[in-house]
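*Asks:* fold the following and give me the result.
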Amino acid sequence: MSEREALAVVRDAIPDEHRQFIATFVDTLRLGDYLFVHAGVRPGLDLSLQSQFDLRWIRAPFLDCEDDHGMVVVHGHTISESVDEQANRIGIDTGAYRTGILTALCLEGKERWTLDTASVSVGNETASELVGNETAAH
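*Replies:* Residues are numbered from 1 along each chain as shown. As a prediction, the model looks like this:
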């Protein structure tokens, strides 16, 4: 089966209402000083001019950039062993599909911390395990 044929089989298996739901998704969400995006942003380019491709696929130009983006960009797409916190971005992709470790960034007021599935013991949860790996307050 060719790639094109395989893609057609997959597309045909997805119900129309699921495709319509997915079509409503946005590529960015800005909350206060944070921008949430799948992969990252093109450095030096206004948010309104970012391409969907970059928001979903960019790596090196974004990951290598130390410039202030005008907000802290919270992203995934590039797997790291632990949270990758830089002055201008926070990478939270810990490779859940292959490591079993799903990481979340928690924000409350000016405080921020992370939670991950490696820090929680089912049945014997402690407060420190539920909080996970705390990061510096922003």
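
*Asks:* now stretch 15-28: how far from the chain's centre is it?
*Replies:* Offset of stretch 15-28 from its chain centre (Cα atoms, centre = their mean, to the nearest Å): 18 Å.

*Asks:* can you give me the neighbour number for residue 57?
*Replies:* 12 (other Cβ atoms under 10 Å). The C-beta positions use only the backbone N, C-alpha and C, and glycine is treated the same way.

*Asks:* how about the strands in the chain?
*Replies:* 28-31, 34-37, 72-75, 84-85, 89-91, 103-108, 111-116 (DSSP state E).

*Asks:* so which of these is nearest residue 64?
*Replies:* Between residue 64 and the strands of the chain, the tightest spacing by Cβ to Cβ is seen for strand 89-91, at 10.9 Å.

*Asks:* got the contact list for that closest one?
*Replies:* 40, 62-63, 69, 72-76, 78, 80, 83-85, 105 (Cβ atoms under 8 Å, 6 or more residues apart in numbering).
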